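Novice: Below: sequence and its predicted model.
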2 protein chains.
Amino acid sequence: MGFFFFASRAAARFLGEARIIHPGVSTAALLVAAASGGGLVAYADSAGENASSEPSQEAPRKKKVVVLGTGWAGTSFLKDLDCSKYEVKVISPRNYFAFTPLLPSVTCGTVEARSIVEPIRKMLDKKRKDVAFYEAECFKIDASKKAVHCRSAVGTNFDGNGDFMVDYDYLVVALGATVNTFNTPGVMENCYFLKEVEDAQKIRRNVIDCFEKASLPNISEEEKRKILHFVIIGGGPTGVEFAAEMHDFLVEDLVKLYPAIQDFVKITIIQSGEHILNMFDQRIATFAEMKFQRDGIEVNTGFRVVKVSDDLITMKSKSLGEVSVPYGMAVWSAGIGTRPVIMDFMQQIGQTNRRVLATNEWLRVHECDNIYAIGDCASITQRKIMDDISTVFKMADKDNSGTLTLKEINDVLEDICIRYPQVELYMKSMHMLDIRDLIKDAIGDSHKESMVVNIEEFKKALSHVDSQVKSIPATAQHNKDTILLNVLTRWTNAKNIQKHLGQFAPLGGEQAAAELPGDWVSMGHSTQWLWYSVYASKQVSWRTRMLVVSDWTRRFIFGRDSSRI
Amino acid sequence: MGFFFFASRAAARFLGEARIIHPGVSTAALLVAAASGGGLVAYADSAGENASSEPSQEAPRKKKVVVLGTGWAGTSFLKDLDCSKYEVKVISPRNYFAFTPLLPSVTCGTVEARSIVEPIRKMLDKKRKDVAFYEAECFKIDASKKAVHCRSAVGTNFDGNGDFMVDYDYLVVALGATVNTFNTPGVMENCYFLKEVEDAQKIRRNVIDCFEKASLPNISEEEKRKILHFVIIGGGPTGVEFAAEMHDFLVEDLVKLYPAIQDFVKITIIQSGEHILNMFDQRIATFAEMKFQRDGIEVNTGFRVVKVSDDLITMKSKSLGEVSVPYGMAVWSAGIGTRPVIMDFMQQIGQTNRRVLATNEWLRVHECDNIYAIGDCASITQRKIMDDISTVFKMADKDNSGTLTLKEINDVLEDICIRYPQVELYMKSMHMLDIRDLIKDAIGDSHKESMVVNIEEFKKALSHVDSQVKSIPATAQHNKDTILLNVLTRWTNAKNIQKHLGQFAPLGGEQAAAELPGDWVSMGHSTQWLWYSVYASKQVSWRTRMLVVSDWTRRFIFGRDSSRI
C-alpha cells in the first residue's frame, strides 16, 4: 500500500494547492484557519472575485448557499460545511438521506427500508445547524438570475401550483443521476429499477405479488414458469446483489411458504459484457459466476436487451442473434443517466453532448461563477500535469539545483497527488507502491543509487500519468477544496467505502467477494462477515446502525417477512 | 368476578348445548371426540343434513371449506380448525394478518407497519396445515352454485382478467367491515381512514407531507395554520388514540425538527355525541377530555360533519348551526359499514335493510345451508331463553321434583350461559357475581336458606335476561360451536382482549385509561404500562412480539422517524 493512501488528505491537499498554484497566499494564515477545528477556510479560488466572501469587520450579510440534493454528495457536503457562516438552504424531493448500498437488501426484506434512511432535518439538527430544508424538486437552474426554480413534491393543496424560486450566492448541485434505459423500448414502462428507496419497496411488493399470482388456481404450469421468471438486466454489483438476495429469499424463506410453486422459479442475469462484475478483478467475476451456476441462477453474458414488452424480453447476441424470453418481473440495473434538469442546465451553459456537468478541479462548473457540482451529476476536467510540469519542477526544486532529489520529490508528492490525482491513479493502476518505482521505471537503473532527476527525466517519469485524467469523479475523494468545503472533515460516500474499505459484491448464501485495499481479493463466508462489519460501521447514525444490525439479527432468527405491504 | 367467567367455555358449552337442546345425542361420544385433543367434533347441527360429514369407514372425499378473509375472525377460526380433516382454501386480498389495535401507533411511526403483520402462510405453516391461500378479493357469493367468485388483486399479467371461481361444501364468511361515511359528501375523496395497514402508512406519509408543505417558502401564516390543522372525525377509541399519537409525535419529535412551524399546529376532534369515548365509563371520558384540554387538543362535541371539501370541513350542531373550518388533513373514524359483497349477498338471501349478516346461534347464516359468518360482518340473532324456559327447567330438574335446588341449577348453569349468553351479559350488567344473586333478586328473602325454586320463580328470575339479546357479536366469545369449530382451543380476538383484559384508550404522554375486568377503571401512567404489557402479550407470534417491543424501545431511545417513505 502506498504511503500516501491514508494520509490526512484534505488539509494537506488544500495547503499543497496553495503552495503550488498560488505561492503568494500565506501558508501560515491558511494553517491557522485549517487548524481552527472545523472552521471554513474562505479561500479565493482561481476566479478571484470570491475574495469578497471573506468575513470583514462589519459582519456583512451572510452569503446564501443553496444545496440541491440529499444523496451521498449533498449530505457529505453539508456535514463538512460550517453552516453558521452561511445562510444555507437545502432542496430535495426526499426529506431523508438513504444509505443506497443496502438498497438491494431492502428488495427482499433482509433489511427494512426505514433502517437505511435518516431524516435530513435530523442530520442537520444534530450539528445544531440552522439550515432551511425544502421538500421540493428543482426543475430549472437559472444561472443568469442566480436562482433555482422548484416545485413542491407534496401536492398543491395550497394556493398556486406549488412552484417557487430560491436565489443563491453559491449553488451546490448534487442532484445525482437517474436511470439510463439507453432508449430501449418498453424499459420505462415494464421494468423495475433500483435507484430510490421507493424502487426497492416496489420490487419487494412485486416479488411477493409474483409468488401470490403464481399460487392462484387456474394458472397453467407455463404461466407459473413465466410469472416466476425474475430477470435482472445488468450484471454490475447492484444487479448481482439483487440476484443473490432473490436467491437467498427463495431458498431460505419462500420454499417453506410456497412449496407448491418452488420448482417454477428461475432467476436470470442478462449482461452485455463477457462477464458479470466486470469492473472487479477477474477472479471475483469467475467466483461469482461459478457460485451462481451452482445456485441455478442463469447468467446470459454477451446479450444486449433491445426491447421489453409486458411479457417478453428481447435480447441480441453476436453469435445467436435475437432471442425472446417470457418473464414475470424484470429489474433494470444497466446504467445511469442524466437528470432532465442537469441536461437543461448543460444546454444553457453550452456543455452539450455530455453526460455529466464538467467542473474544474475545484468542483466549480466551467463558465459558471459560484455554481459547484459534486457527486454523480458532475465530473472534473482535470488539469494535465504535463501542462504545468515546469512549475511543478520549479516548486519542488527548493535549492534551485536544476535537479530533484528523492527527498525533494517526496516533500511535494502529497501536494502533487492532491492537485493531480491522476498521479496516484496511474501508480495504482501500475501496481506501484512508491514514487521510487515511477522514477526507476522512467530513468532505468542508470543512477540507481543517487535517484536524482533533471527536468527531462522528471517529465519522462510523469509522461503517462495524464492518461488517467478522463475518469475522475467529482467527489471529495479526489477534490474537495472548493470555497465552501470544510477542509478538516471526512467525506464518507459510496466511492469512499469502495476505495478505503474495499469494494464488495455480496453473492448470497452468506458469501461475498471483495477487492480490498492493496489489491487483495477476498472471497467466501469470511468476506460476507467483513461486509456486515463494514456496512454496519458506515451507517450515518447510531439509530440506523442499530436498526440495520437488528434487521440482520431478526432475519437470522425469524427469516424475512413475506407480507405484501 | 363470577365463577363462570374463565371456565373452559367452549367444550363445556358444546356439551351443554348437546345435553340441553339435543338430549338424544350421546354425551359420552361427544366427550370422547372433544377429549381427543384438538380433534374436530363433527356435530350435527339443527339443520340435520350435515350428519353425512361424520367420517365413515371408507374415508370419504374431504369436504371443501372456503374461508373468506384473514382478519381477526378468519385467522382465529383457522387456528381453531383441524385443517387436516378438510380441504381448506383461504381467500383474502391481503396475504397477512394485521394486529389492528396497533394501527393508530403505525400512523406516527411509534410502531412500524411490518411489526404488526404476520404472513398468513406462515401462520398456517406453523401448524403444518396444508391449506391453500389465494391472494384475491371475493366479489360474489353464489349460494345456489356453492361457489364464490374471486378476482386476483395482483394485476392481470397472465391470460384472462384474473377472475376465478372456487366451490365449497362449507363457506366461512369473515370479510369484516369497511368504513362507513354515512354518504357524507366529500369524505371518500378527501379523508384518510384507519381500517387497513395501507391506510396507516398513507396517514404517516401525509402527516410528514403536511409538515414539509408548511415549511416551504412563500406560504402565508394563514396557509400554514390550514395545512397543519389535523382533524379527526369521530371520538371513538381509534380516533382518540390517533389524536394522542399525533400530539406525542408533535411534542416529542416534530418540534425539534420543524421548530419554525410548531406554533401553527392544531389537532381537533369532532364528535357527534356529547362526549368522546362514550362507550367507556364516564370517568374515562372525563379524564380523556381533561387531558386533551391540557394538551391543547380541541374537542368539538355535539357536532356532526355534513360535508368535506378539499380544504373545508363543514359541521353542524343543534345550538350553533353550520360551521366550516379549513383543514390540512382529515381522518375519518366515525363508523363502520357493510362491504359491497356482503350487501349483495344479503340481497340474494333476503336479508335486506341489515348492516351485517344475521346468523343463528351456531353462526350459520339464516336460510343458508353450510354458510357461516363470523366477525364484524355478522351478528347472531340469539334465541330467547324465555321461549325455551320449560325445556330448560325440565333438563335441570333431574329428580323430577318440580322444583330446582341451587345445586341443580349450578349443574346446568354453564350450559345455560353458553346456549343463552344473555344470561351472563345480564348478570354482568347488574353486577351480580353469582346465580344466587339472580334468584335472590327474583324470589326475595322468603326462603333464603333452602334456595329452592319452582318453574314460576325460575321464569321470574330469568324474565329480564332476554333484554340483552340484541347486541351479540358473532365471535367465539359468545358462540363457537359450529360444525367446523374446534372445541378445545382459544379464540383470541380484539373483542376478547377487551373483554378478558380490559378495554384500553391510550391518551398520549405515556398515559392511558382502561376499563378492566370487574368494572375497575384505571387511568394514568401505570395504565399505559399495563397497555404495553397486554398489547405485547397479545401479538400473534414471537416475531411480531419482538418487533413491537423493539419498536417501542427504539422510539424511547431515538424518537420516531420522520422520513417520508
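Specialist: Yes, it's here.

Novice: for chain A, what are the low-confidence residue spans?
Specialist: A:1-59, A:126-129, A:154-161, A:444-450, A:469-502, A:518 (pLDDT under 70).

Novice: Longest strand in it, please.
Specialist: Secondary structure of chain A read by DSSP state E shows that its longest strand is strand A:132-142.

Novice: Tell me which residues of it come out buried.
Specialist: Residues of strand A:132-142 classed as buried by neighbour count (16 or more other CB atoms under 10 Å in any protein chain shown): A:132, A:133, A:134, A:135, A:136, A:137, A:138, A:140, A:141. Where you see a C-beta, it was placed from the backbone N, CA and C, and this is true even at glycine.

Novice: Not counting its neighbours along the chain, what's nearest the third one?
Specialist: Right, the one you point to is residue A:134. Computed as CB to CB, 6 or more residues apart in numbering or on different chains, the closest residue to residue A:134 that is not its neighbour in sequence is residue A:91, at 4.8 Å.

Novice: same thing with the fourth one?
Specialist: Leaving aside its sequence neighbours, residue A:135 sits nearest to residue B:212 (CB to CB, 6+ apart; 3.8 Å).

Novice: quick one: buried residues of whichever helix or strand the one you found is part of?
Specialist: Counting by DSSP states H and E, the element that carries residue B:212 is helix B:197-214. Neighbour counts using 16+ other CB under 10 Å place B:197, B:199-201, B:203-204, B:206-214 of helix B:197-214 among the buried residues.

Novice: Repeat that for stretch A:244-256.
Specialist: Using 16+ other CB under 10 Å as the test for burial, stretch A:244-256 gives A:244, A:245, A:246, A:247, A:248, A:249, A:250, A:251, A:252, A:253, A:254.

Novice: what residues are up against residue A:333?
Specialist: If you count contacts by CB atoms under 8 Å, 6 or more residues apart in numbering or on different chains, residue A:333 has them with A:193, A:194, A:232, A:233, A:234, A:236, A:238, A:239, A:242.

Novice: which SS class is the last one?
Specialist: Meaning residue A:242. Three-state assignment for residue A:242 (DSSP: H, G, I helix; E, B strand; the rest coil): helix.

Novice: What separation do you get for the closest residue in space to residue A:453 that isn't next to it in sequence and residue A:455?
Specialist: Nearest non-adjacent residue to residue A:453, counting by CB to CB, 6+ apart: residue A:404, 5.3 Å away. According to CB to CB, to the nearest Å, residue A:404 stands 9 Å off from residue A:455.

Novice: ditto for residue A:274
Specialist: 44 Å.

Novice: Give me the more crowded residue out of these two.
Specialist: Using other CB atoms under 10 Å in any protein chain shown as the criterion, residue A:274 and residue A:455 rank with residue A:455 on top: 16 against 9.

Novice: tell me the SS of the residue lying closest to the more buried one once chain neighbours are set aside?
Specialist: Nearest residue to residue A:455 in three dimensions, chain neighbours excluded: residue A:393, at 5.2 Å (CB to CB, 6+ apart). Here residue A:393 is recorded as helix under three-state DSSP.

Novice: give me every residue that touches residue A:393.
Specialist: A:404, A:455, A:458.

Novice: Based on its surroundings, how many neighbours for residue A:323?
Specialist: Neighbour count for residue A:323, taken as other CB under 10 Å: 12.

Novice: hang on, I meant residue A:273
Specialist: When neighbours are counted by other CB under 10 Å, residue A:273 comes out with 16.

Novice: Same check on the one 4 residues further on?
Specialist: Burial of residue A:277 is recorded as 25 neighbouring residues (other CB under 10 Å).

Novice: nearest residue to it other than its sequence neighbours?
Specialist: residue A:285 (4.6 Å).

Novice: how about the residues of the stretch 1-150 of chain A near chain B?
Specialist: Proximity of the stretch 1-150 of chain A to chain B is confined to A:94-96, A:112-114, A:117-119, A:121-122, A:125, A:132-136 under the rule CB under 8 Å from any CB of the partner chain.

Novice: change it to 10 Å
Specialist: Contacts of the stretch 1-150 of chain A with chain B, taken as CB under 10 Å from any CB of the partner chain, map to A:89, A:91, A:93-98, A:109, A:112-122, A:124-125, A:130, A:132-136, A:150.

Novice: Could you do the stretch 451-565 of chain A as well?
Specialist: A:541-544, A:546-547, A:550, A:553-554, A:557-565.

Novice: biggest separation within the buried residues of helix B:197-214, which pair?
Specialist: B:197 and B:214 (26.8 Å; CB to CB).

Novice: Could you give the number of residues near residue A:243?
Specialist: Considering only other CB under 10 Å, residue A:243 is surrounded by 29 other residues.

Novice: Contacts only, for it.
Specialist: Applying CB atoms under 10 Å, 6 or more residues apart in numbering or on different chains to residue A:243 gives the contacts A:104, A:230-232, A:235, A:267-269, A:276, A:288, A:292, A:295, A:297-299, A:331, A:333, A:507-508.

Novice: List buried residues within the residues you listed.
Specialist: The buried subset of the contacts of residue A:243 (16+ other CB under 10 Å) comprises A:104, A:230-232, A:235, A:267-269, A:276, A:288, A:292, A:295, A:297-299, A:331, A:333, A:507-508.

Novice: Mind checking which of those residues are in helices?
Specialist: A:104, A:288, A:292, A:295 (DSSP state H).

Novice: Name the nearest of the residues you listed relative to chain B.
Specialist: residue A:104 (16.6 Å; CB to the nearest CB).

Novice: Spatially nearest residue to the closest one (excluding sequence neighbours)?
Specialist: residue A:241 (4.0 Å).

Novice: The one you found reaches residue A:106, doesn't it?
Specialist: No - counting by CB atoms under 10 Å, residue A:241 stays clear of residue A:106, with 11.0 Å between them.

Novice: anything in contact with each of these two?
Specialist: Overlap of the contact sets of residue A:241 and residue A:106 (by CB under 10 Å, 6+ apart) consists of residue A:194.

Novice: what are the ranges of the strands in the stretch 451-565 of chain A?
Specialist: Counting by DSSP state E, counting those that start in this stretch, the stretch 451-565 of chain A has strands at residues A:453-454, A:473-474, A:503-508, A:511-516, A:520-524.

Novice: Distance-wise, check the residue nearest to residue A:277 relative to residue A:556.
Specialist: 29 Å.

Novice: Pick out the residue in the stretch 451-565 of chain A sitting closest to chain B.
Specialist: residue A:563 (3.5 Å).

Novice: Show the contacting residues for the residue nearest to that residue when sequence neighbours are not counted.
Specialist: Once flanking residues are discounted, residue A:563 sits nearest to residue B:96: 3.5 Å by CB to CB, 6+ apart. With contact taken as CB under 10 Å, 6+ apart, residue B:96 is in contact with A:208, A:561-565, B:70, B:75, B:114, B:116-123, B:135, B:197.
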